[in-house]
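J.: okay, predicted coordinates and the sequence, questions at the end:
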Amino acid sequence: MKPTSFWAAPILSLLFFAAFVGVWHFSTQQTLGEVTVDPEYAALIGAQAATGGQSAMPGPLDVGAKLWEHIRDPFYDRGTNDKGIGTQLIYSIGRVLIGFALAALVAIPLGFVIGMSPLIYKALDPFIQVLKPISPLAWMPLALYTIKDSNISAVFVIFICSLWPMLVNTAFGVASVRKDWLNVARTLEVSSLRTAFQVILPAAAPTIMTGMRISVGIAWLVIVAAEMLVGGTGIGYFVWNEWNNLSITNIITAILLIGLVGMMLDTLLAQLARAVTYKE
Amino acid sequence: MSQPFLKIEGLTKRFAGTGGSPDFTVFENIFFGIEKGEFACIVGHSGCGKTTILNVLAGLDEATEGGVVMGGREIAGPSLERGVVFQSHALLPWLSALGNVAFGVRSRWPRWSSKEIEAHSVRYLEMVGLGAALHKKPAELSGGMKQRVGIARAFAIEPKMLLLDEPFGALDALTRGTIQDELLSIVQATHQTVFMITHDVDEAILLADKVLLMSNGPYAKIAEIVEITMPRDRTRATVHHDPQYYRIRNHLVDFLVNRSKTYAGEQGDDPVHPPIVRPGLDGGARVVPLTKTPATSNQASPEPALRNASN
């Protein structure tokens, strides 16, 4: 294979982006056709509706302008239903991080125990297999009924969806620690606590981190849907609210930001994973 | 009669047969002893249970029958008294060379300060010629260097006995030779008691005081104990000039190639006292069963006399 220049891929990315924006721009361009209704009525309902030529689908320029507007003032607060998009994102990230952290606190120690003990693994496996495929949103009504707080219920949903990948990966990582390394610890009479923290944990860390990375990705997927249900604050609620306002521009802006935040969370955990990865 | 430092008595390993099939016996009735400061090599074909015997000595595996007594106490479980060098070096890949050695040292002397632990670990890494690679991770070390770290880790805990499971099996011939020399000089300097598995007949002759020959499994046994009667101050460069060298080598190779397959207790051997042979000496190649020789015979006299005779 011929070596390609460092800039080849970014330039190609830009070209793809330009092509996409171009197609988007021209397909949403407003074509003012003939006025087919009474001119007075047309003036009343606006040129677009009158010509029947355009929907509310904005072009890239509209979205760009909206995005710039949001970026310039991300944290404004004009009442319950009109908060800056930055504020909404912070609410969502906060819920994800709290739910994710709680899940890690439960999943990693429990995964450790399951990975160390084949008996406990076998005993808990049927529960895990049944609970794992349940859509986290299915827990929502139950959470709302028992917890009686929409905010905590959203956090609970994040908790439950982050739990399984971390639990399963931790158990797998711990169970597949090389026998040789455990034998080294045994022949050196290393205490079981020291073995757990200085042999098993570092050995399983890359697998555990992979589980955490999957978890945070799922949590970020789920939070949008959860917030659409519980309402109040958060980027999911923002999207739903703007759907009610029929502001497609705002929805597209939010979609873009959801993607960017998701990428940031993933990159962050990828960095952490790199820090604990070892080469054999 | 004095007891050897390490005594293996009636060691047997059987795996229960599944679904009504008969039990599978890997080896049975293994008896031998190793004196303090002695270097014993065990040689035999794959599947005869050498590694199992070593793992039992290490306390990592349990025999079906029989036991091991070291220094008057029965071995139960792994212990810092027995250092193990694993075939696959088994270094912890997230720790540096120094970290790997210090890991064991900290276990051996938990009261030591970090400084003491580091100084001790560095000393042993320098002993195996790795003074310049203290902070390298195992992935950055060559195969030979990794195995050196493994050897340093085992020596650094100053065990009463060292167990080596084919430590040089995965190394190229040149590296193997260098590390053999290093091991030889360290063992000669420290008078370490060593039990080592090897497939390499030349390695066994160079390093060992005695070579335990195992017949093929199943029902593997110690067929013979070959004493290496050459003087102890051997070096790899000169050992093959000793007239005894090829006599011993031929005897070992003969056993591995021809006799190990068919061996089934020749001459009605007593498994408790495997025959001791000294092929290096003139007329020593024939089997000399110790217990069946009258006490007055020369051949049954303690080994130092024989060794002197050869010198």
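T.: Sure, I can see it. Residues are numbered from 1 along each chain as shown, chains lettered A, B, ... in the order given.
J.: which residue does the stretch 51-200 of chain A have closest to chain B?
T.: Closest residue of the stretch 51-200 of chain A to chain B, C-beta to the nearest C-beta: A:D180 (3.8 Å). C-betas here are computed from N, CA, C, even on glycine.
J.: any idea how far that residue lies from B:S21?
T.: Per C-beta to C-beta, to the nearest Å, A:D180 is found 31 Å from B:S21.
J.: got the residues of the stretch 151-280 of chain A near chain B?
T.: Residues of the stretch 151-280 of chain A lying close to chain B (C-beta under 8 Å from any C-beta of the partner chain) are A:178, A:180-181, A:183-184, A:186-190, A:194, A:198-199, A:202-203, A:276, A:278-280.
J.: select only the buried ones of the residues you listed in PyMOL?
T.: To isolate the buried ones among these in PyMOL, judged by 16 or more other C-beta atoms under 10 Å in any protein chain shown, type:
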select buried, chain A and resi 181+183+184+186+187+188+189+190+194+198+199+202+203
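J.: list the contacts for A:N151?
T.: A:R95, A:V230, A:G232 (C-beta atoms under 8 Å, 6 or more residues apart in numbering or on different chains).
J.: gap between the host helix or strand of it and the chain center?
T.: Counting by DSSP states H and E, the element that carries A:N151 is helix A:150-175. Counting by C-alpha atoms, centre = their mean, to the nearest Å, helix A:150-175 is centred 14 Å from the centre of its parent chain.
J.: C-terminal to it, what's the next element?
T.: Following helix A:150-175 toward the C-terminus (DSSP H and E): helix A:179-187.
J.: which elements pack onto that following helix?
T.: In terms of contacts (3 or more C-beta pairs under 8 Å, 6 or more residues apart in numbering or on different chains; DSSP states H and E), helix A:179-187 is packed against helix A:192-195, strand B:82-85.
J.: single out the most deeply packed of the ones you listed.
T.: For the helices and strands packed on helix A:179-187, the largest average neighbour count (mean count of other C-beta atoms under 10 Å in any protein chain shown) is found in strand B:82-85, namely a mean of 26.
J.: coming back round to it: now the contacts of A:N151 as CSV including distance to A:F17, neighbour count and secondary structure?
T.: Putting the contacts of A:N151 into CSV (distance: C-beta to C-beta, whole Å; neighbours: other C-beta atoms under 10 Å in any protein chain shown; DSSP: H, G, I helix; E, B strand; the rest coil) gives the following:
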residue, distance to A:F17, neighbour count, secondary structure
A:R95, 31, 26, helix
A:V230, 35, 22, helix
A:G232, 35, 12, coil
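J.: quick one: which of the residues you listed is nearest to A:L110?
T.: Nearest to A:L110 among those, counting by C-beta to C-beta, is A:R95 at 22.3 Å.
J.: enumerate every residue touching the closest one.
T.: By C-beta under 8 Å, 6+ apart, A:R95 lies in contact with A:N151, A:A154, A:V155, A:I158, A:I223, A:A226, A:E227, A:G234.
J.: tell me the pLDDT of it.
T.: With respect to pLDDT, A:R95 scores 95.
J.: distance of it relative to B:I42?
T.: Distance of A:R95 to B:I42, given as C-beta to C-beta: 63 Å.
J.: swap in A:A226?
T.: With the distance defined as C-beta to C-beta, A:A226 ends up 64 Å from B:I42.
J.: which residue of the two possesses the greater neighbour count?
T.: For A:A226 versus B:I42, the count of surrounding residues by other C-beta atoms under 10 Å in any protein chain shown is larger for A:A226: 30 against 24.
J.: quick one, what contacts that one?
T.: A:A226 touches A:R95, A:P136, A:L137, A:M140, A:A154, A:V157, A:I158, A:G236, counting by C-beta under 8 Å, 6+ apart.
J.: what do you get for B:D209?
T.: B:E38, B:F39, B:A40, B:E227, B:I228, B:R232 are the contacts of B:D209 under C-beta under 8 Å, 6+ apart.
J.: one more time with 6 Å
T.: B:E38, B:F39 (C-beta atoms under 6 Å, 6 or more residues apart in numbering or on different chains).
J.: and the pLDDT at it?
T.: At B:D209, the model reports a pLDDT of 92.
J.: and it, backbone torsions?
T.: The phi/psi pair for B:D209 (degrees, to the nearest 10) reads phi -90, psi -30.
J.: rewinding a little: quick check: mean pLDDT of the helix holding A:N151?
T.: Here helix A:150-175 scores 95 as its mean pLDDT.
J.: helices along the stretch 51-200 of chain B, start to end?
T.: Ranges of helices in the stretch 51-200 of chain B, per DSSP state H, counting those that start in this stretch, are B:97-108, B:114-127, B:143-156, B:173-190.
J.: any idea which of those gets closest to chain A?
T.: For chain A, the closest of the helices of the stretch 51-200 of chain B is helix B:97-108, at 4.5 Å, according to C-beta to the nearest C-beta.
J.: how many neighbours does the nearest residue to B:K146 once chain neighbours are set aside have?
T.: Of all residues not flanking B:K146 in the chain, B:H89 sits nearest, at 4.5 Å (C-beta to C-beta, 6 or more residues apart in numbering or on different chains). Using other C-beta under 10 Å, the number of residues around B:H89 comes to 23.
J.: over to the one 10 residues further on?
T.: Taking other C-beta under 10 Å as the neighbour definition, B:G99 ends up with a count of 20.
J.: how about it: what's its closest non-neighbour residue?
T.: Spatial nearest neighbour of B:G99, chain neighbours left out: B:L92 (7.4 Å); criterion: C-beta to C-beta, 6+ apart.
J.: got a list of what A:V155 touches?
T.: A:V155 neighbours (C-beta under 6 Å, 6+ apart): A:R95, A:I98, A:G99.
J.: excluding its backbone neighbours, what's nearest B:H135?
T.: Using C-beta to C-beta, 6+ apart, the nearest residue to B:H135 is B:S96, at 4.8 Å.
J.: also B:E38?
T.: In space, and not counting its chain neighbours, B:E38 is closest to B:D209: 4.9 Å by C-beta to C-beta, 6+ apart.
J.: nearest residue to residue 58 in space, please, no chain neighbours.
T.: Looking at chain A here, since you left the chain open. Distances taken as C-beta to C-beta, 6+ apart place A:T249 nearest to A:P58, at 4.4 Å, with adjacent residues excluded.
J.: switch to chain B, that's the one I care about
T.: B:V84 (4.9 Å).
J.: follow-up on the earlier one: ranking the helices of the stretch 51-200 of chain B by mean pLDDT, which is last?
T.: helix B:173-190 - the lowest mean pLDDT of the helices of the stretch 51-200 of chain B, at a mean of 87.
J.: look at the residue nearest to B:H191 when sequence neighbours are not counted and give its secondary structure.
T.: Counting by C-beta to C-beta, 6+ apart, B:G37 is the residue found nearest to B:H191 once chain neighbours are left out, at 4.3 Å. Here B:G37 is recorded as coil under DSSP: H, G, I helix; E, B strand; the rest coil.
J.: count residues in the vicinity of B:G37, would you?
T.: Applying other C-beta under 10 Å, we find 13 other residues in the vicinity of B:G37.
J.: what does B:C41 give?
T.: There are 26 residues near B:C41, going by other C-beta under 10 Å.
J.: for it, list the residues it contacts.
T.: Counted by C-beta under 6 Å, 6+ apart, B:C41 has contacts B:M196, B:T198, B:A204, B:A208, B:V211.
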